[in-house]
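Asks: Mind looking at a prediction? Sequence and model below.
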Amino acid sequence: MESGYSTSRHHTFAGNPLIGAAAASSASVPSDSDDGLESAVASIRNLLADTAEEEAAGSGIRILPFRHGKPLVESSYASTNSDEGPTWRLAWQSVHKCRELFEASGLKLGGESLVYLGQRNEVVYWALDFTDLNLVSQFGSEERKNAYVELRTLMVAADWSDENAMGEISIAGHARAILEWHGLCQFCGRCGTKTSPQKAGKRRHCQNDSCKKSFYPRVDPVVIMLVIDKANDRALLSRQSRFVPRMWSCLAGFIEPGESLEEAVRRETQEEVGIEVGEVIYHSSQPWPVGPSSMPCQLMVGFFAFAKSFDICVDKNELEDAQWHSREDVKQALTFAEYKKAQRTSSFRVH
């Protein structure tokens, strides 16, 4: 994609340049408006119906393939310097290429298979799930290798100071969340009839004429909190058994029905580590599309939580360990050298 993403800083997976204010500022017709969406749908339908027109006008459409929840990415070396790991970007494909691959598997590529992501600089972006194809598509070249890569790997491999890289990972996160939701919502939860995608994948609709229920992507809110011992200038961090060595994290948990965000912070902290929390202060939020496929549209809502008690009692069913960490310990763990080492290791996994 072209450069020109928003210069304001965002959390990973936030700040998607194809949706919301960022996209609206780059187009005369907002990409998420009814007019913009209908125009994009009409364009892709015309191209799929007319091969000749596709060859001429296909440059204004880009498709991001997915397979088993993994986006297709392209990796290459920026230089011959052996100390530098490979860089990656999303491997956008043409309508013509995707149609060829579908036909090679005996399938027809229809507009209902595509999920609208947005448009920017007169280019319309779509996502397409290749999971059901009978072949493992071969993309790329020896210099530029293409592969389907887990979002978590891309998250660590990305240079977080690179606005373009962070914009692309937010696009991939949005696309995965919507595609996975479509996979979960194949049948109506009210009557059991098969559902069909509508409005370029923004919703699904029950095909039963006596039901006609509409379904929209479900967002699962999660609280994540940094529990602070203000008097001793330290923070409580925890780890799970699946974490890599030396990895620690803030506490987090799902919100229960009928519960406020602040109540969820206090309850989860009490349940997991036995700490009583008083004041709770909102920090920020971020989309989290790297959870389980059963909950692909999580929203992490972050808080500072100030402890009123300090003796830790770990729930071993939830956590492996939890400890108080000083400010200096945390600063040392977040050193630039450690971050670059993890980033370089992950970048080789992409390549």
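Replies: Structure received. Owing to the predicted nature of the structure, the values given are computational and were not obtained by experimental measurement.
Asks: Bridged to residue 127, which residues?
Replies: residue 64, residue 115 (DSSP bridges).
Asks: Give me the distance between the residue of the chain most remote from its centre and residue 310.
Replies: The C-alpha centroid of the chain is most remote from residue 231, which lies 37.1 Å away (C-alpha atoms, centre = their mean). Distance, residue 231 to residue 310, by C-beta to C-beta, to the nearest Å: 9 Å. Every residue, glycine included, has its C-beta placed from N, CA and C.
Asks: Give the buried residues for stretch 284-298.
Replies: Going by neighbour count (16 or more other C-beta atoms under 10 Å), the buried part of stretch 284-298 is 285, 286, 287, 288, 289, 290, 295, 296, 297, 298.
Asks: Show me where the chain dips below the pLDDT cut-off.
Replies: 1-9, 20-35, 50-59, 77-85, 134-144, 336-351 (pLDDT under 70).
Asks: longest helix anywhere in it?
Replies: The longest helix of the chain (DSSP state H) is helix 163-184.
Asks: how about the nearest residue to residue 180, chain neighbours excluded?
Replies: residue 296 (3.5 Å; C-beta to C-beta, 6 or more residues apart in numbering).
Asks: what's the answer for residue 65, then?
Replies: In this structure, residue 65 finds its nearest non-sequential neighbour in residue 72, 4.3 Å apart by C-beta to C-beta, 6+ apart.
Asks: so where do the helices sit in the stretch 201-350 of the chain?
Replies: 261-273, 327-333, 336-350 (DSSP state H, counting those that start in this stretch).
Asks: where does residue 98 fall, phi/psi-wise?
Replies: When read as degrees, to the nearest 10, the backbone of residue 98 gives phi -70, psi -40.
Asks: Just give the nearest non-adjacent residue to residue 236, would you?
Replies: Per C-beta to C-beta, 6+ apart, closest to residue 236 is residue 227, 4.0 Å.
Asks: Contacts for stretch 166-183, please.
Replies: The contact list for stretch 166-183 (C-beta atoms under 8 Å, 6 or more residues apart in numbering) reads 1, 5-6, 10, 12-19, 64, 66, 69-71, 89-90, 115, 117, 125, 127, 129, 151, 154-155, 158, 160, 197, 201, 204, 217-218, 287, 289-290, 293, 296-297.
Asks: okay, that stretch in CSV with CA atoms only?
Replies: The C-alpha coordinates for stretch 166-183 follow below in CSV (Å, rounded to 0.1, in the frame of the first residue of the first chain):
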residue,chain,number,x,y,z
MET,A,166,1.5,-0.7,11.8
GLY,A,167,-1.2,0.4,9.3
GLU,A,168,-0.9,-2.8,7.4
ILE,A,169,-1.1,-5.0,10.6
SER,A,170,-4.2,-3.1,11.7
ILE,A,171,-5.8,-3.9,8.2
ALA,A,172,-4.9,-7.5,8.6
GLY,A,173,-6.3,-7.7,12.1
HIS,A,174,-9.6,-6.2,10.9
ALA,A,175,-9.8,-8.5,8.0
ARG,A,176,-9.1,-11.6,10.1
ALA,A,177,-11.7,-10.6,12.7
ILE,A,178,-14.5,-10.2,10.0
LEU,A,179,-13.5,-13.4,8.1
GLU,A,180,-13.5,-15.5,11.2
TRP,A,181,-16.8,-14.1,12.3
HIS,A,182,-18.3,-15.1,8.9
GLY,A,183,-17.1,-18.7,9.6
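Asks: now that stretch: how far from the chain's centre is it?
Replies: Here the centre of stretch 166-183 is set off from its chain's centre by 5 Å, with C-alpha atoms, centre = their mean, to the nearest Å.
Asks: Just the buried residues of it, please?
Replies: The neighbour-count check on stretch 166-183 (16+ other C-beta under 10 Å) flags 166-182 as buried.
Asks: State which strand of the chain is the longest.
Replies: Ranked by residue count and defined by DSSP state E, the top strand of the chain is strand 277-288.
Asks: Pull the distance from stretch 150-168 to the chain's centre.
Replies: Its chain's C-alpha centre and that of stretch 150-168 lie 11 Å apart, by C-alpha atoms, centre = their mean.
Asks: ends of that stretch, how far apart?
Replies: For stretch 150-168, the separation between the terminal residues is 14 Å (C-alpha to C-alpha, to the nearest Å).
Asks: can you check stretch 128-146 too?
Replies: 16 Å.
Asks: sorry, back to before: what residues of the helix or strand just after the longest helix of the chain count as buried?
Replies: Note on helix 163-184: by DSSP states H and E, the next helix or strand toward the C-terminus is strand 195-198. Buried residues in strand 195-198, counted by 16+ other C-beta under 10 Å: 195, 197.
Asks: strand partners of strand 195-198, parallel vs antiparallel please.
Replies: Next to strand 195-198 in the sheet, as set by DSSP bridges, lie strand 203-206 (antiparallel).
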